[in-house]
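Q: After the sequence you'll find the predicted model.
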Amino acid sequence: MVRTGVRMHHKGRRVLERSGFTTTTPENLPQPPAHPVVPARRRPERSRSATTPPVAEVRRWAKDQGTDVPP
């Protein structure tokens with residue numbers, strides 16, 4: 001098995017370090033700016049009856065359209 005990926009990573013890292021770039025550990029990274037927590041907007045709950053017609057109404061409509069509706 002050829003491990004060129006590891007070798008290329010280290011080669012690229014050395015090139016960057018020689019150019020003046022340095023590696024930083026996560027502990028040494030600057031902290032993001034603090035911002036106030038904004039609560040999510042609450043959505044009003046939609047009632048099911050407002051969006052879904054009653055079963056009896058659907059059955060009546062289907063019968064009016066000529067569809068065979070089981071009892």
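A: Yes, it's here.
Q: Residue 59: how many residues sit nearby?
A: Residue 59: 14 surrounding residues under other C-beta atoms under 10 Å. The way it works is simple: take the backbone N, C-alpha and C, and place the C-beta from them, glycine included.
Q: Residues contacting the helix or strand where it lies, please?
A: In this assignment (DSSP states H and E), residue 59 forms part of helix 55-64. Applying C-beta atoms under 8 Å, 6 or more residues apart in numbering, the set of residues contacting helix 55-64 from outside is residue 69.
Q: Keeping just the C-alphas, turn it into CSV.
A: Coordinates of each C-alpha in helix 55-64 appear next as CSV, following Å, rounded to 0.1, in the frame of the first residue of the first chain:
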residue,chain,number,x,y,z
VAL,A,55,-64.7,13.1,6.4
ALA,A,56,-68.5,13.5,5.9
GLU,A,57,-67.9,16.4,3.6
VAL,A,58,-65.3,14.5,1.5
ARG,A,59,-67.7,11.5,1.2
ARG,A,60,-70.6,13.8,0.1
TRP,A,61,-68.3,15.5,-2.5
ALA,A,62,-67.2,12.1,-3.8
LYS,A,63,-70.8,10.9,-4.1
ASP,A,64,-71.7,14.1,-6.0
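Q: Pull the distance from that helix to the chain's centre.
A: Put simply, helix 55-64 sits 40 Å off its chain's centre (C-alpha atoms, centre = their mean, to the nearest Å).
Q: Next one: residue 21 relative to residue 12, how far apart?
A: When distances are taken as C-beta to C-beta, to the nearest Å, residue 21 and residue 12 turn out to be 10 Å apart.
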